[in-house]
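In: model this:
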Amino acid sequence: MLRSAFSSNYAGDRGGGLYIAGGTTTLNRTNFDSNYAASGGGLFASGGILTVSTSSIGLNTAIYGGGAYVADSAQSTWVECKWSSNAVTGRGGGAYITGSGTSVVFIAYDFFSNTAASVLYYDLYVATGSTSISNGCADGMHNFGTDILRCYGCQAVYPANVSESNCKPWSLNSTASTADQLARQVMFNHTINLKSDIDLRSEVAVLGNFEPLTNLKIDGAGLWQISGGDAARCFYVANAHTEVLFDGIIVTNCRATTESFSFNYGAGMFMGKYAAVFFHEVKILNSSAVNGYGSGLYVADRAMLNASYSHVNHNHGGSQGAGIYVDSGSVVDLFFVVFRGNQATSSGGGCYSNGGTLQLQSCAWYSNEALNSVGGALYLSSSSSITKLMTYEFYLNTAASYNDVYKASGTLIVDNGCSEGEYTYGSGILLCYGCTLTYPANLSHTQCRPWTANAEVQSGRELAGAVMHNSTVNIIQDVTVFSEVAVVGYIPLTGVVFDGDGVFTIYASQEQQRRRALLATATTR
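Out: Modelled structure (predicted):
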């Protein structure tokens, strides 16, 4: 069939526009529009060989397979077809695929605005059978596509739009000033240089599927921001062989809901299984995963995040891990990352780890909040979780209880990060449930210093920083402390002497008068 149209037809059972039972069928430049059937609103293919090219399947409705229903060992190939605004009350808004011998091949396609009972089934539902998806590009041409294909049963995450007209040769650099330019410039071994702020209508998909997508860099030069406009998730990064560096960009006002792909997880960025993401001087701000996980960032099972000199601030609305949610099996390495003002409705205001491996070096946690539960800054769950805190600062985090850290299970290692021959015992008290020792709240690498036998102090700040093993702290005038002086031997702290010469006094400031001024704990003498 060539240049045919099937429009506004009705079938109570199968194939509203067209029913195919075996044989060989070829359709070219054929439109299926506004048809209805219980299964396969546009068409139903039962067995046989079907080839459809340069055709449009739109506005068809069904219970299953709004655009098409392919079953019973049918072998079908769809080339440069557009699937739009098909709708089902069940599964497979675009197409429903079933049958152990059924084979469906999609080459250079476009799916948009299809709907189903669940966002998982909007475009494709693969019950059984095999599905192959490719971009149709010629040798030496590449296209990683745009948007996200809502496909249940696909073996990887695919783009929703991979039109052959968007295939292009490799290039080293490109620029982007609009959302469309940013989405279409994704390429391996390539740098996208942002030239202005960009407002998104939908998430930017970074998906290595048709071929490896490695060494992609998105560079904001420390100037430009990507905004979801409080309506869209900002980035979705997924699949093995996907590797991307975000450098000097601001990601803000992103939003994930139950209608988002992968639901209400990771509003600023969703990092899918096996993806590798690197941040340098990135800010993830003011984003919301509504009643979900990881308003700023969601790091899925077996994904990897490496971030340095970055900020995760003022993200909210997620029930767990408003800043970052780290799932089991993932690896997260953070260096000089600030968590500030993140607010979870339940637990882990700054970060929630559900079994990941985390190394948190020189990170700061300020004013994060777990509204109705525990772990204002950090919540550690699952026996498989391993977390290493190496130099840090916790300050003014709040929760219903345990303002700083709640370790439900797993392993927590605390290290001051000092070079050999240098020491620091920190200051303040880390409010931590599940910790085997009492730890300082501030353990900055800037406090590391060589051992000294004596130190003279004239202020509360000097007093807190002078604690040292086998050393005498000489108080040479009256001292007022504004928070308790912690003498905390999280590593052996013996032989400490505070000497006031029988003359000088340590006073608590007015706000400290109802609290202790000095605290000593285990392994301290």
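In: residue contacts, the closest residue to Gly17 other than its chain neighbours?
Out: The shortest distance from Gly17 to any non-neighbouring residue, by C-beta to C-beta, 6 or more residues apart in numbering, is to Phe6 (3.3 Å). Quick note: C-beta positions are derived from backbone N, CA and C, even for glycine. Phe6 makes contact with Gly17, Leu18, Thr30, Asn31, Phe32, Asp33, Asn35, Gly42, Leu43, according to C-beta atoms under 8 Å, 6 or more residues apart in numbering.
In: State the distance from Phe6 to Ala38.
Out: Phe6 sits 17 Å away from Ala38 when distances are taken as C-beta to C-beta, to the nearest Å.
In: go on, Asn403?
Out: 57 Å.
In: what's the answer for Gln361, then?
Out: Distance from Gln361 to Ala38, by C-beta to C-beta: 59 Å.
In: element containing the residue nearest to the spatial centre of the chain?
Out: Nearest residue to the geometric centre of the chain (C-alpha atoms, centre = their mean): Tyr298, 2.6 Å. Assessed by DSSP states H and E, Tyr298 sits inside strand 297-299.
In: residues in contact with that strand?
Out: With C-beta under 8 Å, 6+ apart, strand 297-299 has contacts from 262, 265-266, 268-271, 284, 289, 305, 312, 321, 323-327, 330, 332, 356.
In: what's the nearest residue to Gly220 if we skip its chain neighbours?
Out: Ile249 (3.1 Å).
In: Please tell me how far that neighbour sits from Val312.
Out: From Ile249 to Val312 the distance is 14 Å (C-beta to C-beta).
In: which of the two has more neighbours?
Out: Shown here are Ile249 and Val312; by other C-beta atoms under 10 Å, Val312 has more neighbours (32 against 25).
In: residues near the nearest residue to that one once chain neighbours are set aside, how many?
Out: Spatial nearest neighbour of Val312, chain neighbours left out: Gly323 (4.3 Å); criterion: C-beta to C-beta, 6+ apart. When neighbours are counted by other C-beta under 10 Å, Gly323 registers 35.
In: Distance of the residue nearest to Pro159 when sequence neighbours are not counted relative to Asn209?
Out: Closest residue to Pro159 apart from its sequence neighbours, by C-beta to C-beta, 6+ apart: Gly145 at 2.6 Å. Distance, Gly145 to Asn209, using C-beta to C-beta: 8 Å.
In: which residues are in contact with both of these two?
Out: Between them, Gly145 and Asn209 share the contacting residues Tyr158, Pro159, judged by C-beta under 8 Å, 6+ apart.
In: where in the stretch 401-525 of the chain is pLDDT low?
Out: 511-525 (pLDDT under 70).
In: Now do the strands for it: every range, in order, please.
Out: Assigned by DSSP state E, counting those that start in this stretch, the strands in the stretch 401-525 of the chain fall at 405-407, 411-415, 422-423, 432-433, 442-443, 449-450, 454-457, 471-475, 479-481, 485-487, 496-499, 506-508, 518-520.
In: Those strands into a markdown table, with extra columns for distance to Tyr395 and mean neighbour count?
Out: Compiled in a markdown table, these are given as follows (distance: least, C-beta to C-beta, whole Å; neighbours: other C-beta atoms under 10 Å):
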| stretch | distance to Tyr395 | mean neighbour count |
| --- | --- | --- |
| strand 405-407 | 13 | 26 |
| strand 411-415 | 17 | 16 |
| strand 422-423 | 22 | 16 |
| strand 432-433 | 14 | 20 |
| strand 442-443 | 7 | 24 |
| strand 449-450 | 22 | 12 |
| strand 454-457 | 22 | 16 |
| strand 471-475 | 24 | 18 |
| strand 479-481 | 16 | 18 |
| strand 485-487 | 14 | 22 |
| strand 496-499 | 25 | 14 |
| strand 506-508 | 19 | 16 |
| strand 518-520 | 17 | 15 |
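In: Quick one: those strands as a markdown table, columns for distance to Leu380 too.
Out: Formatted as a markdown table, those follow (distance: least, C-beta to C-beta, whole Å):
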| stretch | distance to Leu380 |
| --- | --- |
| strand 405-407 | 4 |
| strand 411-415 | 6 |
| strand 422-423 | 26 |
| strand 432-433 | 10 |
| strand 442-443 | 17 |
| strand 449-450 | 30 |
| strand 454-457 | 35 |
| strand 471-475 | 33 |
| strand 479-481 | 31 |
| strand 485-487 | 22 |
| strand 496-499 | 30 |
| strand 506-508 | 33 |
| strand 518-520 | 24 |
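In: about what we covered before: quick one, which of Asn403 and Ala38 is more surrounded?
Out: More neighbours surround Asn403 than the other of Asn403 and Ala38, with 24 against 20 (other C-beta under 10 Å).
In: Who are the contact partners of the more buried one?
Out: Here Asn403 is in contact with Gly376, Ala377, Asn397, Leu431 (criterion: C-beta under 8 Å, 6+ apart).
In: Show me the domain layout of this protein.
Out: 5-152, 170-196, 220-415, 449-520 (automatic domain parsing).
In: any idea which of those domains scores lowest on pLDDT?
Out: Here the domains of the chain differ in mean pLDDT, and the lowest is domain 449-520 at a mean of 84.
In: Return the distance of it from the chain's centre.
Out: 43 Å (C-alpha atoms, centre = their mean, to the nearest Å).
In: before we move on, what about stretch 96-105?
Out: For stretch 96-105, the distance to the chain centre is 33 Å (C-alpha atoms, centre = their mean).
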